[in-house]
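Peer 1: return a 3D structure for these sequence lines:
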Amino acid sequence: MTTLIGPDFIALQVRNLAASKKFYVEVFGFEIAAQTPPGAAILKTAPIALALREPLRPLVASDPDGYAITFHTARS
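Peer 2: Residues are numbered from 1 along each chain as shown. From the prediction side, this is the model:
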């Protein structure tokens, strides 16, 4: 029997892929993976991969759904 452990891959649909990539690279310091499909950016994150992608369907500004992501950090 398979036991569900938790997320393995997270993809955020963003309104502006270029601006979002710039934000995650410049503010968080993430790197973009070399193998990234068109319309998306896979960030080098561990242990769970994080991707930014163009919407699969139009995003509506009045949509009440919201999302929050918490990043684990470590002191260096």
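Peer 1: would you check how far apart the residue nearest to Arg53 when sequence neighbours are not counted and Ile5 are?
Peer 2: Closest residue in space to Arg53, ignoring its immediate chain neighbours: Ala40 at 4.0 Å, by Cβ to Cβ, 6 or more residues apart in numbering. Every C-beta, even on glycine, is put in place using the N, C-alpha and C of the backbone. Applying Cβ to Cβ, to the nearest Å, the value for Ala40 to Ile5 is 24 Å.
Peer 1: looking at these two, which is more packed in?
Peer 2: Higher neighbour count among Ala40 and Ile5: Ala40, with 17 against 6, using other Cβ atoms under 10 Å.
Peer 1: next one: phi and psi at the more buried one?
Peer 2: Main-chain dihedrals, Ala40, degrees, to the nearest 10: phi -150, psi 170.
Peer 1: ok, Gln46 - how many residues close by?
Peer 2: Quick fix: residue 46 is Ala, not Gln. Around Ala46 there are 6 residues (other Cβ under 10 Å).
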